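K.L.:
task: produce atomic coordinates for the following.
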Amino acid sequence: MSNSRWIETTLGDLATVRRGASPRPIASPRWFDASSEVRWVRIADVNRSDGRLLTSTTQALSPDGVVRSRYLEPGTLIMSIAATVGVPVITAVQSCIHDGFVSLQRLQADQQFLLYLLKSSEHLLREAGQSGSQTNINSDIVREFEVRIPASKEEQKRIGTTLWETDDLISSLDAVLRKQRDIKQGLMQELLSGRTRLPGFAGEWVDTQLGSVLKFQAGFPFESRYFATTPRGVRLVRNRDLRADDSITFYEGPYSADYVLRSGDVLVGMDGDFEPVIWRSEGALLNQRVGRLRASSQVSSAYLAYALWSPLKELQASTGATTVKHLSHSDVEKMTLSLPGVVEQQAIAEVLLDADKEISALERQLESARAIKEGMMQELLTGRTRLVPEVAS
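P.N.:
Numbering: from 1, shown residues only. Okay, here's the model as predicted:
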């Protein structure tokens, strides 16, 4: 058999498939011991993992619980077969699995390659599930599940290693992004409270009612008969557009220039989520239930976008959970903030805008890396694209 070929086989030919077991009754405290090194794996633990290695769980089993479950050494490939079907992960700790999982051991294929092959097959495994109140598959379905793999274990290993290293890059970008968000949060807490002052500033901050330095303009109720989903006319900015850009509405009717947005305008959703947003494009229209802060020369709009974040969130949280949350112009104009001079406001806003630019750049890199990985999986795990073996020097 040529090592360049791909072959059709089954998971049962590639691994010993064994279903987990659960001590009964499962609610008994007899089976659990928080100090135990043998962890009890649940699907929530798998979902909280990085998708590759399971390093922790919320529960651990007592010796009696271990005897009545399926014990696994660290480094075992497992997969969920109940409710949330087809989610694989490699254990990194001593663990036991219940009957909603199977283990795949004594592998005849590269483990990392098989992990990604299972990930790419999740939808097919779900389709093989038995209908009912929830989707389930049994061990036989797993064993008989057909897959196509390289005949060469060396090629399997190259594919698995390449995808693993791509995930390493994604994980490192994600960690840097989280750190940058934490840094920005710290900057906001220090600079917006006056606890930390930027070099060159020492003046007093003044308690200011916002209605004296800005006007809150509510959007206009444009007629829906002029709405379009194709790019004709002018874009409308609705409440949901402040959080997502996946469903844009355009407007082809008459409008007043008073409702035309400019890049740098500070917008606030008036229903549900009151988080302020700095708008970054020209020519859109301010639709109803979205507000714009029209600041005087005494205050920086960009500064307000950051300074109002916490007060608006507090106002949002104070609304009853069962009540639709609405924001009015008076809610904002009646607020009082302690403000530095406008030049210091602008300097603080610049620092925070720079932090946001770094975060946005990292978000784009992370999104790009995830898209590249998705494309790599589609290419490498089907054999459409082949990796060239490394040539020894």
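
K.L.:
contacts and neighbour counts: CA atoms only from here.
P.N.:
Noted.

K.L.:
helices of this protein, start to end?
P.N.:
11-14, 43-48, 63-67, 111-120, 122-127, 139-144, 153-191, 301-307, 309-318, 329-333, 342-380 (DSSP state H).

K.L.:
buried sites along the third one?
P.N.:
Right, the one you point to is helix 63-67. Buried residues in helix 63-67, counted by 16 or more other C-alpha atoms under 10 Å: 65, 66.

K.L.:
and residue 76, what's its pLDDT?
P.N.:
Looking at residue 76, its pLDDT reads 98.

K.L.:
which one of the helices of the chain lies nearest to residue 270?
P.N.:
Checking these against residue 270 by C-alpha to C-alpha gives helix 329-333 as the closest, at 8.9 Å.

K.L.:
now that closest one - C-alpha only, CSV.
P.N.:
Once non-C-alpha atoms are left out, helix 329-333 reads as follows in CSV (Å, rounded to 0.1, in the frame of the first residue of the first chain):
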residue,chain,number,x,y,z
HIS,A,329,-32.5,61.7,27.2
SER,A,330,-33.2,63.0,30.7
ASP,A,331,-31.5,59.9,32.2
VAL,A,332,-28.3,61.0,30.6
GLU,A,333,-28.7,64.8,31.0
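
K.L.:
got the helices of the chain as TSV, with distance to residue 210 and mean pLDDT columns?
P.N.:
Listed next are the helices of the chain as TSV, based on distance: least, C-alpha to C-alpha, whole Å; pLDDT from 0 to 100:
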stretch	distance to residue 210	mean pLDDT
helix 11-14	66	98
helix 43-48	43	96
helix 63-67	62	97
helix 111-120	53	98
helix 122-127	53	90
helix 139-144	63	96
helix 153-191	19	98
helix 301-307	10	97
helix 309-318	12	91
helix 329-333	5	94
helix 342-380	14	97
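
K.L.:
in CSV: the ones you listed, plus distance to residue 287.
P.N.:
Converted to CSV, these look like this (distance: least, C-alpha to C-alpha, whole Å):
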stretch, distance to residue 287
helix 11-14, 55
helix 43-48, 39
helix 63-67, 59
helix 111-120, 42
helix 122-127, 40
helix 139-144, 52
helix 153-191, 30
helix 301-307, 19
helix 309-318, 20
helix 329-333, 15
helix 342-380, 26
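
K.L.:
among these, which is nearest residue 238?
P.N.:
Among those, helix 329-333 comes nearest to residue 238, with 16.7 Å by C-alpha to C-alpha.

K.L.:
name the helices or strands packed onto the closest one?
P.N.:
strand 214-218 (3 or more C-alpha pairs under 8 Å, 6 or more residues apart in numbering; DSSP states H and E).

K.L.:
partner strands of the strand it packs on, with direction?
P.N.:
Using DSSP bridges, the strands paired with strand 214-218 in its sheet are strand 290-295 (antiparallel).

K.L.:
tell me the mean pLDDT over stretch 17-37?
P.N.:
On average, stretch 17-37 scores 95.

K.L.:
residue 250 and residue 272, how far apart?
P.N.:
According to C-alpha to C-alpha, to the nearest Å, residue 250 stands 23 Å off from residue 272.

K.L.:
residue 81 too?
P.N.:
38 Å.

K.L.:
the two: who's more crowded?
P.N.:
residue 81 (27 against 15; other C-alpha atoms under 10 Å).

K.L.:
quick check: the more buried one touching residue 137?
P.N.:
Yes - between residue 81 and residue 137 there is a contact at 5.2 Å, judged by C-alpha atoms under 8 Å.

K.L.:
now do the contacts for the residue lying closest to residue 231 once chain neighbours are set aside.
P.N.:
Residue nearest to residue 231 in three dimensions, not counting chain neighbours: residue 250, with 6.3 Å by C-alpha to C-alpha, 6 or more residues apart in numbering. Residue 250 makes contacts with 227, 228, 229, 230, 231, 232, 233, 234, 235, 236, as judged by C-alpha atoms under 8 Å, 6 or more residues apart in numbering.

K.L.:
show me what residue 250 is bridged to.
P.N.:
On the basis of DSSP bridges, residue 250 takes part in beta bridges with residue 228, residue 235.

K.L.:
likewise residue 104?
P.N.:
Beta bridges link residue 104 to residue 17, residue 77, judged by DSSP bridges.

K.L.:
cool, thanks, signing off.
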